[in-house]
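In: Here is a sequence together with a model predicted from it:
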Amino acid sequence: MAKDKNWWKNKIAYQIYPRSFCDANGDGTGDLLGIVSKLDYLHDLGIDIVWLCPVYRSPMDDGGYDIADYYDIDPIFGKKEDMDLLIKEADKRGIKILMDLVLNHCSDEHPWFKKALADSDSEEASYFWFRESHGCPPNNWRSMFGGSAWENVGGDRWYLHLFSKKQPDLNWENPKLRQKLYDMINYWLDKGLGGFRIDAITHIKKEPTLSSLPPDDPDGMVGCFAPTRNYPGIGDLLTELRQNTFDKYTCMTVAEAAGVPYADLGIYIGEDGYFDTLFDFTYSELYNWGHGWHTCKKPWEWPIKNLRDKMFASQIETAKVGFGAVYFENHDYPRACAKFLPDEYVNGTSQKMLGTLFFFLRGIPFIYQGQELGMTNPTFDSIDEVNDISTKNHYRIALADGLTPEQAIKAVNRYSRDNARVPFPWNSGKNGGFTTGKPWLKVHNDYKKFNAEDEAKDIDSVLSYYKKMIKLRKSAEYNLTLTYGDVEPILLEHEDVIAYIRGGEKRIAVICSFCPDTKDVKLPFGGFDTLLSNLDDTVSDNGTLTLRPFECKVLLIKG
Ligand code: GLC
């Protein structure tokens, strides 16, 4: 039977950060059986695909993105059988599971790396990037998490790590290593997995001479994007990866593929692309951190026009060659409202508007856990309440720059990845019903205000609104248009409105106001029916629509 390569395109995806989703055994950490116990919640919401952040055996230096055994499940998440059960139980509900695939690096506690350390002549040593250098790192590359990208292991011997020093980079130039990775991928796919979200994949090819580059900061170092991101030659590696693994299955692959130029998008996700789809970061990472978070411009100081232009560029370029994955939140970002809305205007109405904006774009929508509840950033009172390695680094940089701990924690509260990693609030009981034990990360200060149980009972809640959005997108009447219809930006004369028409068999307009005041917009079409809105009625007169603060509309255009 021919494979249906497009099975995932009209689906709704949901990202789970397993540590913080639901704890079944009371040890304070979310686990696989916890997820199994919440499959009905996901099914009821209308979810078809779940992306699980890594659950493999790991010392958890970087939340599981440091894998010590690709074939095993970490005991904090359960057993291998629990993973099999999750795949099976999800299947019963028509839900496919995507695992996270971390191929750029593993953990320094992986047996390969341990052997490589113990014996520099071992085969395993050639799986990594070891270099000799006397007294200083072999080059001036800076790691993504700050500091040199090289770690000394005694004498003149160093290894490369683009992320934390506990995440040594794998040497993809080595065919034996590549084969081992392909075998592992096929092992998981043979279990009936839906596919993979593929981590940091654009970094697997390195500039071969590993030379120093002109510094970009007084620290003398240089960010490692130029010599390690989409470096020429990566295509051969990605083609081989695909041919030896994904091509043999009806699986779906979504790549974390930062920095792919639009001109190359077709090679990545076109008809014969390396992957089915990818996350484009151009519209979600609008800020330029510069030296550290504390020097970053406050998000809402960017004009909304900036978001709009980037988002539409991404939509239009992606539609030329393939089908994107759209999202506003994930486990690496603070909550979207902290990025795109002024603090004083964050409320149910504006949260629904933000949801509407991304949800009806062309591409498969990925909802990040808690986004459907309208979760905001929590408040961390001290760095001791934070777990994330990149947050700790940014905090250190801020202190080194002379900020007080009170000032430094403010930047943490705005930008930390832990903002999105606090436990999911299931109800208003102790620990938000997440665990009966002591949660591994503090529960959100406001879990009594937004939690799944209370919001399910409230027809005006953000959760109820997400259910309506999902129902609309999946409805027999509009699914085709909302999945494949093209995107035509409209109302571009208004700098605080983002609006577009999904065109095709039917025409549907999505209009989102970021204006804190009421404003009138002249519609570029005639009659319409309101399909969905975050406010009850629709105020319009003779082709002019009156938008109240942060109002959004999904309109079926008539005629
Ligand atoms: C990806 C992950 C992030 C992780 C990094 C290193 O960007 O999303 O959480 O820290 O890769 O694996």
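Out: Now that the structure is in, tell me what you want to look at.

In: what about D529, which SS state?
Out: Three-state assignment for D529 (DSSP: H, G, I helix; E, B strand; the rest coil): strand.

In: Wait, it touches G559, no?
Out: No. Applying Cβ atoms under 8 Å, one finds D529 not in contact with G559, separated by 11.2 Å. In short, each C-beta sits where N, CA and C put it, glycine included.

In: okay, the two: which has more neighbours?
Out: Just comparing D529 and G559: by other Cβ atoms under 10 Å the higher neighbour count belongs to D529, 10 against 7.

In: quick one: pLDDT of that one?
Out: Note for D529: predicted pLDDT of 96.

In: Likewise for G154?
Out: 97.

In: quick one: contacts for it?
Out: Listed by Cβ atoms under 8 Å, 6 or more residues apart in numbering, G154 has no contact partners.

In: And stretch 375-389, how far out from the chain middle?
Out: In terms of Cα atoms, centre = their mean, to the nearest Å, the centre of stretch 375-389 is set 19 Å apart from its chain centre.

In: sorry, that was for stretch 223-235
Out: Averaging C-alpha positions (Cα atoms, centre = their mean) puts stretch 223-235 21 Å from its chain's average.

In: right, is it up against the ligand?
Out: No. Stretch 223-235 lies out of reach of the ligand by Cβ under 6 Å from any ligand atom, never closer than 11.8 Å.

In: please renumber so the chain begins at 242
Out: OK, 242 is where the count begins now, so the last one is stretch 464-476.

In: first to last residue in that stretch, what's the distance?
Out: 22 Å (Cα to Cα, to the nearest Å).

In: Also stretch 327-338?
Out: Chord length of stretch 327-338, first to last residue, is 8 Å (Cα to Cα).

In: State the helix or strand in which the residue lying closest to E613 once chain neighbours are set aside lies.
Out: Spatial nearest neighbour of E613, excluding adjacent residues (Cβ to Cβ, 6 or more residues apart in numbering): Y707 at 4.0 Å. Here Y707 sits within helix 703-715, counting by DSSP states H and E.

In: Put the alpha carbons of that helix into CSV.
Out: Coordinates of each C-alpha in helix 703-715 appear next as CSV, following Å, rounded to 0.1, in the frame of the first residue of the first chain:
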residue,chain,number,x,y,z
VAL,A,703,-9.1,30.2,27.5
LEU,A,704,-9.3,26.4,27.5
SER,A,705,-12.9,26.4,26.2
TYR,A,706,-11.8,28.8,23.6
TYR,A,707,-9.0,26.6,22.4
LYS,A,708,-11.5,23.7,22.2
LYS,A,709,-13.6,25.9,19.9
MET,A,710,-10.6,26.8,17.7
ILE,A,711,-9.6,23.2,17.4
LYS,A,712,-13.2,22.1,16.6
LEU,A,713,-13.4,24.8,13.9
ARG,A,714,-10.1,23.9,12.3
LYS,A,715,-11.0,20.3,12.2
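
In: contacting residues around the very next helix or strand once past that helix?
Out: Using DSSP H and E, the helix or strand that follows helix 703-715 towards the C-terminus is helix 720-725. With Cβ under 8 Å, 6+ apart as the test, helix 720-725 has contacts from 250-251, 601, 603, 713-714, 743-749.

In: and whatever residue of the stretch 642-791 of the chain ends up closest to the ligand, how many neighbours does it have?
Out: Distances from the stretch 642-791 of the chain to the ligand, computed as Cβ to the nearest ligand atom, single out R658 as the nearest residue at 6.9 Å. When neighbours are defined as other Cβ under 10 Å, R658 has 22 of them.

In: who in the stretch 242-391 of the chain is up against the ligand?
Out: 303, 306, 343.

In: try the chain
Out: Residues of the chain found near the ligand (Cβ under 6 Å from any ligand atom) are 303, 306, 343, 404, 440-441, 497, 572-573.

In: Narrow those to those in strands?
Out: 343, 440, 497 (DSSP state E).

In: Can you work out which other helices and strands pack against the helix holding Y707?
Out: Judged by 3 or more Cβ pairs under 8 Å, 6 or more residues apart in numbering; DSSP states H and E, the packing partners of helix 703-715 are helix 280-286, helix 589-600, helix 693-698, helix 720-725, strand 769-774.

In: Name the stretch among these that sits most buried.
Out: Compared across the helices and strands packed on helix 703-715, helix 589-600 shows the largest average neighbour count, a mean of 24 (mean count of other Cβ atoms under 10 Å).

In: Direction included, what does the next helix or strand after it pair up with?
Out: For helix 589-600, the following helix or strand on the C-terminal side (DSSP H and E) is strand 605-609. Strand 605-609 sits in its sheet next to strand 254-257 (parallel), strand 566-567 (parallel), going by DSSP bridges.

In: Buried residues in strand 605-609, which are they?
Out: Neighbour counts using 16 or more other Cβ atoms under 10 Å place 605-609 of strand 605-609 among the buried residues.

In: any idea of the mean pLDDT in that strand?
Out: Rounded mean pLDDT across strand 605-609 is 98.

In: follow-up on the earlier one: could you dump the buried residues of strand 605-609 to JSON lines with distance to Y636?
Out: Below are the buried residues of strand 605-609 laid out as JSON lines (distance: Cβ to Cβ, whole Å):
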{"residue": "I605", "distance to Y636": "35"}
{"residue": "P606", "distance to Y636": "33"}
{"residue": "F607", "distance to Y636": "29"}
{"residue": "I608", "distance to Y636": "29"}
{"residue": "Y609", "distance to Y636": "23"}
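
In: so which of those would you say is closest to the ligand?
Out: Nearest member of these to the ligand, counting by Cβ to the nearest ligand atom, is Y609, at 11.6 Å.

In: Of all residues in this structure, which one is closest to the ligand?
Out: Relative to the ligand, the nearest point of the chain is Y306 (3.3 Å; Cβ to the nearest ligand atom).

In: How about that residue, nearest residue that isn't a chain neighbour?
Out: In this structure, Y306 finds its nearest non-sequential neighbour in V343, 5.4 Å apart by Cβ to Cβ, 6+ apart.

In: Dig out what the one you found forms beta bridges with.
Out: Beta-bridge partners, per DSSP bridges, of V343: D440.

In: center of this protein, which residue is that?
Out: The centre of the chain sits closest to N571, judged by Cα atoms, centre = their mean, with a distance of 3.5 Å.

In: Report the mean per-residue pLDDT for stretch 245-253.
Out: Taken as a whole, stretch 245-253 has an average pLDDT of 94.

In: Kindly apply the preceding question to stretch 472-486 instead.
Out: 98.

In: chain center to it, what's the gap?
Out: Taking Cα atoms, centre = their mean, one finds stretch 472-486 lying 23 Å from the centre of the chain it belongs to.

In: again with stretch 349-364
Out: Worked out by Cα atoms, centre = their mean, stretch 349-364 lies 31 Å from the chain centre.

In: just for the chain, where's the confidence low?
Out: 242-244, 528-532, 539-541 (pLDDT under 70).

In: quick one on the thing from earlier: adding mean neighbour count, write the strands paired with strand 605-609 out as a markdown table.
Out: Formatted as a markdown table, those follow (neighbours: other Cβ atoms under 10 Å):
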| stretch | mean neighbour count |
| --- | --- |
| strand 254-257 | 24 |
| strand 566-567 | 25 |
